[in-house]
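> got a predicted structure plus its sequence, pasted below:
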Amino acid sequence: MNKKENLVRIESFIKSCGVYMVCTIDDGKPKSRPFTLTMMEGERLYFGTGTHKKVYNQIKANPYIEIFATQGLEFLRYDGKAVLVEDDVLVQKAFALAPQVKKMYTENGLQMVLFYLENAKAELHNVAKQKYNMPEILDC
């Protein structure tokens, strides 16, 4: 599979989970929080957050993050360097996918930014099917 096919596969798995975790470092300690917004655009898989949130400042301070999603006996670890993107056109596309998020942000004067992972890799695990729990590694 090529990079784009791998990203589509990652997006599909994350979306099937509904909620996934974004893991960062805060004051030297691990921190994770639930996310729901995921959007493929071109050759990139985007995630969204607000500039008012702690996670935004954590990513700015240390852009190396991990995204974790799980469903049943399958789970995904997707890690790399988060690249923040302030692009109104992309944000509007993201808002179209999540009208409830758009409503919350516009009614409260909040700003959304998107991010994607560069130099990333993904590990797909299936606890029930993998011998010695060896993951499938995807180049992203």
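Sure, I can see it. Numbering: from 1, shown residues only.
> how distant is stretch 5-13 from the center of its chain?
For stretch 5-13, the gap between its own C-alpha mean and the chain's C-alpha mean amounts to 12 Å (C-alpha atoms, centre = their mean, to the nearest Å).
> low-confidence regions, this protein specifically.
Along the chain, the model assigns pLDDT under 70 to residues 130-134.
> now with 80?
1, 128-137, 139-140 (pLDDT under 80).
> helices or strands up against the top helix by length along it?
In the chain, taking DSSP state H as the definition, the longest helix is helix 3-17. Other elements packing on helix 3-17 under the criterion 3 or more C-beta pairs under 8 Å, 6 or more residues apart in numbering; DSSP states H and E are strand 38-41, strand 44-50, strand 64-71, strand 74-85, strand 112-126, strand 136-139. Bear in mind the C-beta positions are built from the backbone N, C-alpha and C, glycine included.
> what would these look like in JSON lines with distance to A94 and mean neighbour count?
Output for the helices and strands packed on helix 3-17, formatted as JSON lines (distance: least, C-beta to C-beta, whole Å; neighbours: other C-beta atoms under 10 Å):
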{"stretch": "strand 38-41", "distance to A94": "5", "mean neighbour count": "18"}
{"stretch": "strand 44-50", "distance to A94": "5", "mean neighbour count": "21"}
{"stretch": "strand 64-71", "distance to A94": "16", "mean neighbour count": "18"}
{"stretch": "strand 74-85", "distance to A94": "10", "mean neighbour count": "18"}
{"stretch": "strand 112-126", "distance to A94": "6", "mean neighbour count": "19"}
{"stretch": "strand 136-139", "distance to A94": "23", "mean neighbour count": "13"}
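> noted, bye for now.
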